[in-house]
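Participant: fold the following.
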Amino acid sequence: NTVCAFLIIVLANCSSEHENADSNSVVHGHDISYTVHVDYSRTLDEMIVPSRYDWVDNAITEPNFPIKRGQNGYTKVEVVSVQFSKDMGRDWMLGRLDNLGLRPARIEELLALDESILNNQDFPFPSVALGSVWVAPNGYAYVPYLDKQGPKPFLSLTLAVGTAPYHRWSSVCHFLAVRE
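Facilitator: Sure, this is the predicted structure:
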């Protein structure tokens with residue numbers, strides 16, 4: 001199956017097993033900040049514009065990824081694309097984001113950023129939203145990400161790498177975070 005083979009390649013590119021990262025692993029020169037408007041009143045289906053994506057994982061549904069409903073309508077948020085200079089574990093990375101005053105972006109912020117960047121060549125691919133986690137019936141945790149292979153991006157899931165001490169996120173991944 002071509003899709004399965006492709007997803008295995010993507011997962012291999014976004015997760016690997018490497019040495020621990022040190023405290024200087026943030027590539028500050030490559031961090032990019034975007035101001036986006038998130039419409040929290042929309043459903044997840046309304047946020048996913050079907051014609052925009054080449055493919056959407058069928059597990060990306062509102063029951064699996066509920067939208068945070070505390071806000072009314074459009075809310076302006078600063079989304080930061082953070083890329084680390086070497087592979088690292090999830091706990092270290094989440095701690096580093098916290099030290100920078102950032103929280104991991106959720107799926108609604110990932111989709112709002114994608115919607116706000118009309119020229120998707122400017123979008124940081126692959127981008128992971130660690131703030132939305134779904135635990136599948138098989139017991140594994142997954143997070144949404146956007147990547148691109150061809151003219152249109154695709155919205156998929158990848159294992160929430162780093163739940164085991166030897167797992168590391170690859171330095172090619174961009175992690176979306178929101179300034180608190």
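Participant: would you map the strands across this protein?
Facilitator: 15-16, 32-39, 55-56, 74-82, 102-104, 127-128, 134-135, 141-148, 153-159, 168-169, 174-179 (DSSP state E).
Participant: any buried residues in stretch 52-66, and which?
Facilitator: 53, 56-57, 60, 64-65 (16 or more other C-beta atoms under 10 Å). Every C-beta, even on glycine, is put in place using the N, C-alpha and C of the backbone.
Participant: identify the farthest-apart pair in those residues.
Facilitator: Tyr53 and Asn64 (16.8 Å; C-beta to C-beta).
Participant: lowest-confidence helix or strand of the protein?
Facilitator: Within the chain, no helix or strand scores below helix 2-14, which has a mean of 34 by mean pLDDT, DSSP states H and E.
Participant: could I get the buried residues of stretch 52-66 as CSV with pLDDT?
Facilitator: Shown next, in CSV, are the buried residues of stretch 52-66 (pLDDT from 0 to 100):
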residue, pLDDT
Tyr53, 85
Val56, 94
Asp57, 96
Ile60, 97
Asn64, 97
Phe65, 96
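Participant: make CSV from these and add distance to Ala136 to it.
Facilitator: Shown next, in CSV, are the buried residues of stretch 52-66 (distance: C-beta to C-beta, whole Å):
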residue, distance to Ala136
Tyr53, 21
Val56, 16
Asp57, 11
Ile60, 12
Asn64, 8
Phe65, 12
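Participant: of the residues you listed, just say which sits nearest to Pro151.
Facilitator: Nearest to Pro151 among the buried residues of stretch 52-66: Tyr53, at 11.1 Å, using C-beta to C-beta.
Participant: could I get the contacting residues of the closest one?
Facilitator: Counting by C-beta atoms under 8 Å, 6 or more residues apart in numbering, Tyr53 touches 152-155.
Participant: grab the most central residue of the protein for me.
Facilitator: Closest to where the C-alpha atoms of the chain average out (C-alpha atoms, centre = their mean) is Val128, at 1.7 Å.
Participant: check the gap between the closest residue to that residue other than its chain neighbours and Leu111 for me.
Facilitator: Closest residue to Val128 apart from its sequence neighbours, by C-beta to C-beta, 6 or more residues apart in numbering: Tyr145 at 4.4 Å. According to C-beta to C-beta, to the nearest Å, Tyr145 and Leu111 sit 12 Å apart.
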